[in-house]
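> model this:
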Amino acid sequence: MLDIRNLHANVGDREILKGLSLSVGAGEVHAIMGPNGAGKSTLAHVLAGREGYEVTQGSVTFLGADLLALAPHERAAAGLFLGFQYPVEIPGVSNLLFLRTALNAQRKLRGEGEISGAEFLKAVKEEAQALGLDMEMLKRGVNVGFSGGEKKRNEAFQLALLKPKFAVLDETDSGLDIDALKVVAAGVNRFRGPDHGVLLITHYQRLLDHVAPTHVHVLVGGRIVESGGPELAHRLEAEGYERHAA
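As a prediction, this is how the structure comes out:
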């Protein structure tokens, strides 16, 4: 689904990604772990097309298309979802309005008709119930007044409702207590499947106890330095990243 080859990227005049290569197939959940400043969030922002992140070398192919040639909204319409480490607040725009607008904008770019109000509300109720979300919360402004855990639950809800093909989740477990962590993990597990892919960026192994990735990668100094199975995450939790230091 996602094929990254020799990716180099700068933020300002500083090179952050230094030849990163990674391939994620359909049905796979890949976790990327690494110390602060390794380039984990930079990778997520480059994939999403965030302004200020310049790709200087390499390629990214998504579902057979050149991802880097697409504008951010085109990447979303193609099926790419980014879960933020720090979700933003959007005062004056309710969650329901935001999500229906986003969903219909993506459907329009794909040449599909708009979702009806009744169909949308049915999907909202089903997904909210599955994630234990209060419908009253969804009528509030996007993330306005939400706790850190509520913001991450809201992103899990967005993932469920927008139904992308591939999810890039940037430290979605950051700042969560154990109950919120389980809800977010349930959202990821509900999303995963034979036609979907997940790139899960995290500092800690604790989320992986609930998600069970198919692959784990160590990102240090802007490149993947080691890959393995779930056991690698346990070893990193015990040993840290010192053995990978330059």
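
> once you drop chain neighbours, what's closest to E155?
The shortest distance from E155 to any non-neighbouring residue, by CB to CB, 6 or more residues apart in numbering, is to G83 (4.8 Å). Every residue, glycine included, has its C-beta placed from N, CA and C.

> look up phi and psi at the one you found.
Backbone geometry at G83, expressed as degrees, to the nearest 10, gives phi -100, psi 120.

> ok, now which ones touch it?
Neighbour list for G83: E155, A156, L159, A167, V168, L169, D170, T172 [criterion: CB atoms under 8 Å, 6 or more residues apart in numbering].

> give me the low-pLDDT residue ranges for the protein?
Applying pLDDT under 70 to the chain flags residues 245-246.

> all strands of it, in order?
Listed in chain order, the strands of the chain (DSSP state E) span 2-11, 14-24, 29-33, 53-62, 65-66, 80-83, 90-94, 141-142, 166-170, 197-202, 215-220, 223-228.

> nearest to P72, out of these?
Between P72 and the strands of the chain, the tightest spacing by CB to CB is seen for strand 80-83, at 9.0 Å.

> buried residues in stretch 133-142, which are they?
Using 16 or more other CB atoms under 10 Å as the test for burial, stretch 133-142 gives L133, L138, R140, G141, V142.

> now the second one: how far from G132?
Between L138 and G132 the distance is 12 Å, computed by CB to CB, to the nearest Å.

> returning to what we had before: can you lay out the strands of the chain as a markdown table showing distance to T101?
What follows is the strands of the chain, written out as a markdown table (distance: least, CB to CB, whole Å):
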| stretch | distance to T101 |
| --- | --- |
| strand 2-11 | 26 |
| strand 14-24 | 29 |
| strand 29-33 | 29 |
| strand 53-62 | 23 |
| strand 65-66 | 25 |
| strand 80-83 | 16 |
| strand 90-94 | 8 |
| strand 141-142 | 11 |
| strand 166-170 | 20 |
| strand 197-202 | 25 |
| strand 215-220 | 34 |
| strand 223-228 | 37 |
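
> closest one to L47 among the ones you listed?
strand 166-170 (5.5 Å).

> got the angle for that closest one vs strand 14-24?
Here strand 166-170 runs at an angle of 140 degrees relative to strand 14-24 (axes from the mean of the first three to the mean of the last three CA atoms, to 10 degrees).

> partner strands of strand 166-170, parallel or antiparallel?
Applying DSSP bridges, strand 166-170 is found paired with strand 80-83 (parallel), strand 197-202 (parallel).

> how many residues are close by the closest residue to P194 other than its chain neighbours?
Nearest in space to P194, with sequence neighbours left out and distances taken as CB to CB, 6+ apart, is G27 at 4.5 Å. Other residues lying near G27 total 14 when counted by other CB atoms under 10 Å.

> wait, G27 touches D195, no?
Yes. Between G27 and D195 there is a contact under CB atoms under 8 Å: 7.4 Å.

> deepest of the strands paired with strand 166-170, which one?
Across those, averaging neighbours per residue (mean count of other CB atoms under 10 Å) puts strand 197-202 on top, at a mean of 25.

> now do the buried residues in stretch 172-183.
Across stretch 172-183, burial judged by 16+ other CB under 10 Å covers T172, D173, S174, L176, A180, L181, V183.

> return the distance of it from the chain's centre.
A distance of 15 Å separates the centroid of the chain from that of stretch 172-183, by CA atoms, centre = their mean, to the nearest Å.

> one step back: L236: which of the strands of the chain is closest?
For these, proximity to L236 was assessed by CB to CB; strand 29-33 is nearest, at 5.6 Å.

> quick one: strands adjacent to the closest one?
By DSSP bridges, strand 29-33 pairs with strand 197-202 (parallel), strand 215-220 (parallel).

> the residue nearest to V93 when sequence neighbours are not counted bridge partners, please.
Spatial nearest neighbour of V93, chain neighbours left out: V142 (5.5 Å); criterion: CB to CB, 6+ apart. On the basis of DSSP bridges, V142 is bridged to I90.
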